[in-house]
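> Build me a model from this:
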Amino acid sequence: DNSMALTIINALRDEVEFSKLKVGDKLEAVFNQNKELVEFSLAQNPAEKHVVRLNRNTGKCDYHLREEETHWNARILEGELRSGSTLIEDLLARGLAPFVANEIINVLLCKVNFRMNARMGDRYKVLLNERKHNEETIQTKILYTSYSGERAGTHEAFFYEDEEKSSTYTAH
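Numbers count the residues shown, from 1 in each chain. The predicted structure follows:
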């Protein structure tokens, strides 16, 4: 019901950014024999599960995060636009997920007008930090981007991450 949904949302509010939920995220609800909700979980990747357990004694929710082991790998992508290619096509051809390639484009869009100034021979460089779980990339941070071309000029963007999780200062 709506009140239970609101209780769960409030229990997860400080841990989950609901605006970033996407298709494929796993939601699971566990009920007892009386059809009362006992536990709710949300997993946005295979290594992390946000769990809310209803405490019948206090009437409140207990939250915990179940995490599996992951590791971070740095990766550098460098390239040059070929005749008839676009930056997004090059990034996708290098195996980046579409949302990561789009984020790289969005970082550079505030500096480079690709429609007007991108040309064959322009160079790009991207430094990524990829979080891996069982060799599957589950999170990607774009730490640095650069784009250089005769018409576009030379532009760089660096990632800054504030210690506060929901800070508006976390950006390129």
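> ranges for the helices of the protein?
For the chain, the helices defined by DSSP state H cover 2-12, 87-93, 98-109, 114-117.
> Out of those helices, flag the one nearest Tyr147.
For the helices of the chain, distance to Tyr147 was read as C-beta to C-beta. The smallest value, 5.3 Å, belongs to helix 98-109. C-beta here means a position set from N, CA and C on the backbone, and glycine is covered the same way.
> So which elements touch the lengthiest strand in the chain?
In the chain, taking DSSP state E as the definition, the longest strand is strand 136-149. For strand 136-149, the elements it packs on are helix 98-109, strand 123-133, strand 153-158, judged by 3 or more C-beta pairs under 8 Å, 6 or more residues apart in numbering; DSSP states H and E.
> okay, the ones you listed in TSV with mean neighbour count and mean pLDDT next?
Shown next, in TSV, are the helices and strands packed on strand 136-149 (neighbours: other C-beta atoms under 10 Å; pLDDT from 0 to 100):
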stretch	mean neighbour count	mean pLDDT
helix 98-109	16	94
strand 123-133	17	96
strand 153-158	14	95
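> I'd like these laid out as TSV, including distance to Leu6.
Output for these, formatted as TSV (distance: least, C-beta to C-beta, whole Å):
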stretch	distance to Leu6
helix 98-109	29
strand 123-133	31
strand 153-158	39
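> Which one, of these, ends up nearest to Arg66?
Going by C-beta to C-beta, the one of the helices and strands packed on strand 136-149 nearest Arg66 is strand 123-133, 12.7 Å.
> starting at the chain centroid, how far to the closest one?
13 Å (C-alpha atoms, centre = their mean, to the nearest Å).
> can you count the residues close to the nearest residue to His50 once chain neighbours are set aside?
Spatial nearest neighbour of His50, excluding adjacent residues (C-beta to C-beta, 6 or more residues apart in numbering): Leu42 at 4.6 Å. Neighbour count for Leu42, taken as other C-beta atoms under 10 Å: 19.
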